[in-house]
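*Asks:* sharing a model prediction with you, sequence too.
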Amino acid sequence: MTVMSYTRADAVLARLPGWARDGRVITRTVETASFKEAVDLVVAVAEAAEEANHHPDIDIRYNRVRFALTSHDAGGLTEQDFSLAAKVDVLAAR
Ligand SMILES: C[C@H](O)[C@H](O)[C@H]1CNC2=NC(N)=NC(=O)C2=N1
């Protein structure tokens, strides 16, 4: 996968409210109603990640889940990161 320029990455990010870029990584923190819902969201995202063979870094703090995406292989942000970010958004909205 090709690494995206930051200009392009930021243009794509503008359509993914909730996500922010920090260098080569995009992150979103989702607040859920409970710890259990946070875990359920992580399980759903894990399934999507396995399907895509693209895996976020995930941090749960009680009812807050922080997802961080980057393409380690490519050494930057790729379409795969934004594709998985969009799937996280769909799952977080359920
Ligand atoms: C071999 C395998 O395809 C790679 O290790 C994949 C797996 N999942 C991955 N996930 C993420 N987020 N970045 C990667 O570069 C990556 N590489």
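*Replies:* Done, it's in. Note that this is a predicted model, so its numbers are computed, not measured. Numbering: from 1, shown residues only.

*Asks:* check which helix or strand the residue nearest the centre of the chain maps to.
*Replies:* Centroid-nearest residue in the chain, with C-alpha atoms, centre = their mean: Ala85, separated by 3.9 Å. Secondary structure from DSSP states H and E places Ala85 in helix 79-92.

*Asks:* which residues touch the residue nearest to the centre of the chain?
*Replies:* Contacts of Ala85 were listed using C-beta atoms under 8 Å, 6 or more residues apart in numbering, and they are Leu16, Trp19, Ile26, Arg28, Phe67, Leu69. Glycine gets a C-beta too; all of them are placed from N, C-alpha and C.

*Asks:* dump those into CSV; add distance to Leu77 as well.
*Replies:* Below are the contacts of Ala85 laid out as CSV (distance: C-beta to C-beta, whole Å):
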residue, distance to Leu77
Leu16, 12
Trp19, 11
Ile26, 7
Arg28, 14
Phe67, 14
Leu69, 8
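
*Asks:* nearest to the ligand, of the residues you listed?
*Replies:* The closest of these to the ligand turns out to be Leu69 (C-beta to the nearest ligand atom; 5.9 Å).

*Asks:* looking at that closest one now. What's its pLDDT?
*Replies:* For Leu69, the model assigns a pLDDT of 98.

*Asks:* shouldn't it be in contact with Pro56?
*Replies:* Yes: if you go by C-beta atoms under 8 Å, Leu69 and Pro56 touch, sitting 5.1 Å apart.

*Asks:* list the residues that are in contact with both of those two.
*Replies:* Leu84.
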